[in-house]
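*Asks:* coordinates only, sequence not included:
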């Protein structure tokens, strides 16, 4: 049994940021990570051409800026290097290959009893923690929808976490399912490498440029969300025109109001819209059925495909190991309370990076959690 003050579960950006903030306040902690490296999603499960979609001023972790010569939009490799330097700067030492199997709150001892498996040494490790931070991420497990006939697909089906580049798909018929930022960028990458590309777009989406979003994020600090939405939608309409003829419609609510209410982000165009307009990428409705290589879509269209890339997001797995966390997380393993009051539960339980607010939201969570833990420690000793 190891007694710890704070146990952080997850060494992605949220866990690392929380560790750094605790270090700044001289609060001891232990951070565990199920994979063999920090930020495994960024290192192992992102496509090659990925850049941070937001400008660097909105994507830094607490207490450390990017180098002055870093580009405005950070490439994946630069961000991973930044994380490595962050770990070194704050002397963070994650315990890798440590999988949390269960955590329960001990009412008598007023602490969290956590059982973890050390995969490297094949042993069980028990922790007793005064404070528990869930930083295992909203992107813990692949989310692939249930589609009739998928199990009998005569082709390749992968999740976007396994996609690296379109170079191996040249000349093949590929369907991308999912029209968020990953799906739209993967479709662009496939088409750019010569794949015959189609994309499923079922729901209304806001399409913006990175410059428009950067302006909007600056303005929301000073103006009401609806006013900023009106401006950025007008600019986007001027830039892209009416996209409904291509199967793309806008939601009724503006992009910043939607982000505030649902956590859903606007799509930042990397060139996909131009390829859709040129006919290089075809837009399809939702899938109704798969028969071998033939895929049927809503509206009656069908096509033959060699591969499907599911850019359908991820889901949290926190509820698989977290018990007694009902006041903090819902059935999907995401915060019950809305932003900005989502990060704190009862019984000294916290979550970081689960509010769908990106790296800026992670930074806010980490600071709030560290400050609250400090306040609680002072109250206990006072």
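*Replies:* Cool, the structure landed. Every value quoted in this text rests on a predicted model; they were computed, and no experiment measured them.
*Asks:* the stretch 51-200 of the chain: helices as residue ranges?
*Replies:* Listed in chain order, the helices found in the stretch 51-200 of the chain under DSSP state H, counting those that start in this stretch are 76-89, 181-192.
*Asks:* name the secondary structure element that contains residue 309.
*Replies:* Using DSSP states H and E, residue 309 sits within strand 307-310.
*Asks:* in that strand, what's buried?
*Replies:* Within strand 307-310, the residues that qualify as buried by neighbour count (16 or more other C-beta atoms under 10 Å) are 307-310. Quick note: C-beta positions are derived from backbone N, CA and C, even for glycine.
*Asks:* cool, stretch 167-187 as well?
*Replies:* Neighbour counts using 16+ other C-beta under 10 Å place 169, 172-187 of stretch 167-187 among the buried residues.
*Asks:* pull the residues that contact the lengthiest strand in the chain.
*Replies:* Of all segments of type strand in the chain, defined using DSSP state E, the longest is strand 123-134. Outside of strand 123-134, the residues that reach it under the criterion C-beta atoms under 8 Å, 6 or more residues apart in numbering are 1-10, 15, 18, 30, 98, 103, 106, 109-118, 318, 322, 325, 328-329, 348-352, 354, 369, 373, 376.
*Asks:* report the buried members of the residues you listed.
*Replies:* Among these, those that count as buried by neighbour count (16+ other C-beta under 10 Å) are 4, 6-10, 15, 18, 30, 98, 103, 111-114, 116-117, 318, 322, 325, 328-329, 348-352, 354, 369, 373.
*Asks:* highest mean neighbour count out of the helices of the stretch 51-200 of the chain?
*Replies:* helix 181-192 (a mean of 25; mean count of other C-beta atoms under 10 Å).
*Asks:* residues contacting the nearest residue to residue 235 once chain neighbours are set aside?
*Replies:* Counting by C-beta to C-beta, 6 or more residues apart in numbering, residue 235 lies nearest to residue 212, which is 5.1 Å off, once chain neighbours are set aside. Remark: with contacts taken as C-beta under 8 Å, 6+ apart, residue 212 is in contact with 232, 235-236, 239.
*Asks:* mind checking which of these are buried?
*Replies:* Restricting the contacts of residue 212 to buried positions leaves 232, 235-236, with burial counted as 16+ other C-beta under 10 Å.
*Asks:* between those residues, which is nearest residue 224?
*Replies:* If you rank those by distance to residue 224 using C-beta to C-beta, residue 232 comes first, at 12.9 Å.
*Asks:* just the element for that closest one, please.
*Replies:* With DSSP H and E as the criterion, residue 232 is inside helix 225-240.
*Asks:* would you turn the contacts of residue 212 into CSV with pLDDT?
*Replies:* Formatted as CSV, the entries for those read as follows, by pLDDT from 0 to 100:
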residue, pLDDT
232, 97
235, 98
236, 97
239, 97
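*Asks:* can you put those in TSV and add distance to residue 296?
*Replies:* Compiled in TSV, the contacts of residue 212 are given as follows (distance: C-beta to C-beta, whole Å):
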residue	distance to residue 296
232	36
235	37
236	32
239	34
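*Asks:* which member of the residues you listed is positioned nearest residue 222?
*Replies:* Checking the contacts of residue 212 against residue 222 with C-beta to C-beta, the nearest one is residue 232 at 14.2 Å.
*Asks:* please name the residues that touch the residue nearest to the closest one when sequence neighbours are not counted.
*Replies:* If you skip the residues right next to it in sequence, residue 232 has residue 216 as its closest partner in space, 4.5 Å away by C-beta to C-beta, 6+ apart. Taking C-beta under 8 Å, 6+ apart as the contact definition, residue 216 lies against 208, 228-229, 231-232, 255-256.
*Asks:* list the buried ones in stretch 368-375?
*Replies:* Under the neighbour-count rule (16+ other C-beta under 10 Å), stretch 368-375 has 368-370, 373-374 buried.
*Asks:* mind listing the strands for the stretch 1-150 of the chain?
*Replies:* Along the stretch 1-150 of the chain, counting by DSSP state E, counting those that start in this stretch, strands occupy 2-9, 29-32, 98-106, 111-118, 123-134, 141-142.
*Asks:* mean pLDDT and distance to residue 288 added to those, as CSV?
*Replies:* As requested, the strands of the stretch 1-150 of the chain are exported to CSV (pLDDT from 0 to 100; distance: least, C-beta to C-beta, whole Å):
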stretch, mean pLDDT, distance to residue 288
strand 2-9, 97, 40
strand 29-32, 98, 43
strand 98-106, 96, 39
strand 111-118, 96, 42
strand 123-134, 97, 38
strand 141-142, 83, 22
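*Asks:* return the helix or strand in the chain with minimum mean pLDDT.
*Replies:* With mean pLDDT, DSSP states H and E as the measure, the helix or strand of the chain carrying the lowest mean pLDDT is strand 141-142 (a mean of 83).
*Asks:* determine the set of other helices and strands touching it.
*Replies:* Other helices and strands packing on strand 141-142, by 3 or more C-beta pairs under 8 Å, 6 or more residues apart in numbering; DSSP states H and E, are strand 314-315.
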